[in-house]
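# dropping the sequence and predicted coords here.
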Amino acid sequence: MQPYRPEKVYVERSVESSPVTSHVLEASRGVPVAIIDSIDVLLEESKRWNPAIAKAKRYLLLAKHRGKFFKPCPGRSTRPGAANVCCNYFVINYASNCHMECSYCYLQSYLNFPYLTIYANLPDLLSELEEVFTANPHQQFRVGTGELADSLALDPLTAYSTFLVSFFSRRPNAVLELKTKSNCVERLLDIDHRGRTVVSWSVAPSMIQMLEEHKTASMDQRLQAASLCARAGYPVAFHLDPMIHYSEWEEGYKDLIAGIFDTIPPESIAWISLGSLRLTPALKQIMRERFPKSFLPLGELVPCEDGKLRYFKPLRVEMYARISGWIRERFQKTPVYMCMERPEIWEKVFGGIPSSEENLGNQLLVSLE
Ligand code: SF4
């Protein structure tokens, strides 16, 4: 992975004394630092940039998160008749934006505030989680930090993972998932995690990584990092998402699955998810402008009930069925599920749908016992 060094660090005065701020400033020695009273001034400045996306990634902002950190995964569509099968997942928005440059990254069309931002009011985050987990002692929570940012790519600067992994190690009814395209696992290896954190990688055939996932860790680097985590006793997981159709996809995904199972003991793999490429019309336009060499917008994509563009259903079903079959050939017991897919696709690929979101979430947790 291409390491991140910001051109400038902005620190909101309210998080000046946060331990996250201390780690970032220590690791960014020599980088100019500005203390600001509010992020409003940055927002005004970024409105004058056109385009703002790449430029704003060069600046790191440490700010206070003013809303709720913890919420249900928004992958669930709220449009009538557009419900996808969900896995009862929750997310923590500890940061927003990312210094890596995947051509298909939905953050390009999603974020209103483009600065690479870390929310450094860690005590507020931990007390909010404590409150939720304590108030619902009989509910099991799977919680991820990778919705609006990569979970580990900035960890060499922030050390965020060390606080979260330690916190979750003491929670009997919650499991943390750190999802990444980096190989930044060094800080994780000596923590007493007690099996309450799953470290996961979004993975793709090497050719797709090289063409479409700029500045990310190579597949070899990701698998080596996963191997280190498995040896440190962490459950690990893999997300073949977005699953990409191209002329050599069968060979590419077979090699990828072989690489995973040749490197990681199957008993260490908590789950593998599959999710096909999904673009909004706005994102497709941004991709054409920012990544003119990307072949992804050229694929035949059709509008779906949730407003996203996907491959035709028969093609998705074929890819899901073949890929999950190759996984099963290597290890029958690995839990495999699909992300953001319709019930009829589940029926065709797996021969049925989970009886409820809670059931699917709990089935995935069983693999950790
Ligand atoms: S690693 Fe994830 S968050 Fe970062 S650019 Fe790629 S898709 Fe976006």
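Thanks, I have the structure now. Numbers count the residues shown, from 1 in each chain.

# the residue sitting nearest the centre point of the chain is in what secondary structure piece?
Centroid-nearest residue in the chain: residue 146, 3.3 Å away (criterion: Cα atoms, centre = their mean). According to DSSP states H and E, residue 146 maps onto no helix or strand at all.

# distance of it from the ligand?
7 Å (Cβ to the nearest ligand atom, to the nearest Å). In this view, the C-beta of every residue, glycine as well, is placed from N, C-alpha and C.

# quick one, what contacts that residue?
Counting by Cβ atoms under 8 Å, 6 or more residues apart in numbering, residue 146 touches 91, 177-180.

# where exactly do the helices run in the chain?
All helices of the chain, identified by DSSP state H, fall at 19-27, 40-47, 53-56, 107-110, 122-135, 155-158, 160-169, 206-212, 219-231, 249-263, 281-290, 313-330, 343-350, 357-366.

# could I get the ones you listed as JSON lines with mean neighbour count?
What follows is those, written out as JSON lines (neighbours: other Cβ atoms under 10 Å):
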{"stretch": "helix 19-27", "mean neighbour count": "17"}
{"stretch": "helix 40-47", "mean neighbour count": "13"}
{"stretch": "helix 53-56", "mean neighbour count": "16"}
{"stretch": "helix 107-110", "mean neighbour count": "17"}
{"stretch": "helix 122-135", "mean neighbour count": "16"}
{"stretch": "helix 155-158", "mean neighbour count": "22"}
{"stretch": "helix 160-169", "mean neighbour count": "20"}
{"stretch": "helix 206-212", "mean neighbour count": "19"}
{"stretch": "helix 219-231", "mean neighbour count": "19"}
{"stretch": "helix 249-263", "mean neighbour count": "17"}
{"stretch": "helix 281-290", "mean neighbour count": "15"}
{"stretch": "helix 313-330", "mean neighbour count": "17"}
{"stretch": "helix 343-350", "mean neighbour count": "16"}
{"stretch": "helix 357-366", "mean neighbour count": "16"}
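
# among those, which is nearest the ligand?
helix 107-110 (5.2 Å; Cβ to the nearest ligand atom).

# mind checking how far that closest one is from the chain centre?
14 Å (Cα atoms, centre = their mean, to the nearest Å).

# with stretch 103-117 instead?
13 Å.

# rewinding a little: what is the nearest of the contacts of residue 146 to the ligand?
residue 180 (7.6 Å).

# count the residues that sit near the closest one.
27 (other Cβ atoms under 10 Å).

# pretty sure it is touching residue 145, no?
No - using Cβ atoms under 8 Å, residue 180 makes no contact with residue 145, being 9.6 Å away.

# who touches both of the two?
residue 151.

# how about the contacts of residue 146 in a markdown table, adding distance to the ligand and pLDDT?
Compiled in a markdown table, those are given as follows (distance: Cβ to the nearest ligand atom, whole Å; pLDDT from 0 to 100):
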| residue | distance to the ligand | pLDDT |
| --- | --- | --- |
| 91 | 13 | 96 |
| 177 | 14 | 98 |
| 178 | 13 | 98 |
| 179 | 8 | 98 |
| 180 | 8 | 98 |
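
# do stretch 53-66 and the ligand meet?
No - under the criterion of Cβ under 6 Å from any ligand atom, the ligand is not reached by stretch 53-66; the shortest gap measures 9.1 Å.

# now that stretch: buried residues?
Neighbour counts using 16 or more other Cβ atoms under 10 Å place 53, 56-57, 59-63, 65 of stretch 53-66 among the buried residues.

# what residues does the stretch 201-350 of the chain put near the ligand?
Near the ligand, when you scan the stretch 201-350 of the chain using Cβ under 6 Å from any ligand atom, you find residue 216.

# before we move on, back to that, name the nearest of the buried residues of stretch 53-66 relative to the ligand.
Of all the buried residues of stretch 53-66, the ligand sits closest to residue 57, with 9.1 Å by Cβ to the nearest ligand atom.

# before we move on, back to that, can I get the helices of the chain in TSV including distance to residue 187 and mean pLDDT?
Listed next are the helices of the chain as TSV, based on distance: least, Cβ to Cβ, whole Å; pLDDT from 0 to 100:
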stretch	distance to residue 187	mean pLDDT
helix 19-27	10	97
helix 40-47	28	85
helix 53-56	26	84
helix 107-110	24	93
helix 122-135	15	97
helix 155-158	6	97
helix 160-169	5	97
helix 206-212	24	98
helix 219-231	11	98
helix 249-263	21	98
helix 281-290	31	95
helix 313-330	30	97
helix 343-350	37	95
helix 357-366	25	84
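
# which non-adjacent residue is nearest residue 75?
Closest residue in space to residue 75, ignoring its immediate chain neighbours: residue 340 at 5.2 Å, by Cβ to Cβ, 6 or more residues apart in numbering.

# just to check, that neighbour is in contact with residue 87?
No - look at residue 340 against residue 87 with Cβ under 8 Å: they stay out of range, at 9.9 Å.

# tell me the spacing between the residue nearest to the centre of the chain and residue 266.
Distance of residue 146 to residue 266, given as Cβ to Cβ, to the nearest Å: 23 Å.

# so which residues of the stretch 1-150 of the chain form strands?
8-12, 33-36, 59-63, 70-72, 89-92, 95-96, 101-102, 116-119, 141-144 (DSSP state E, counting those that start in this stretch).

# for residue 220, find the nearest of these.
strand 101-102 (17.9 Å; Cβ to Cβ).

# run me through the strand neighbours of the closest one, direction for each.
Within its sheet, strand 101-102 is paired with strand 213-214 (antiparallel), according to DSSP bridges.

# which residues are contacting the strand it pairs with?
100-103, 181, 204.
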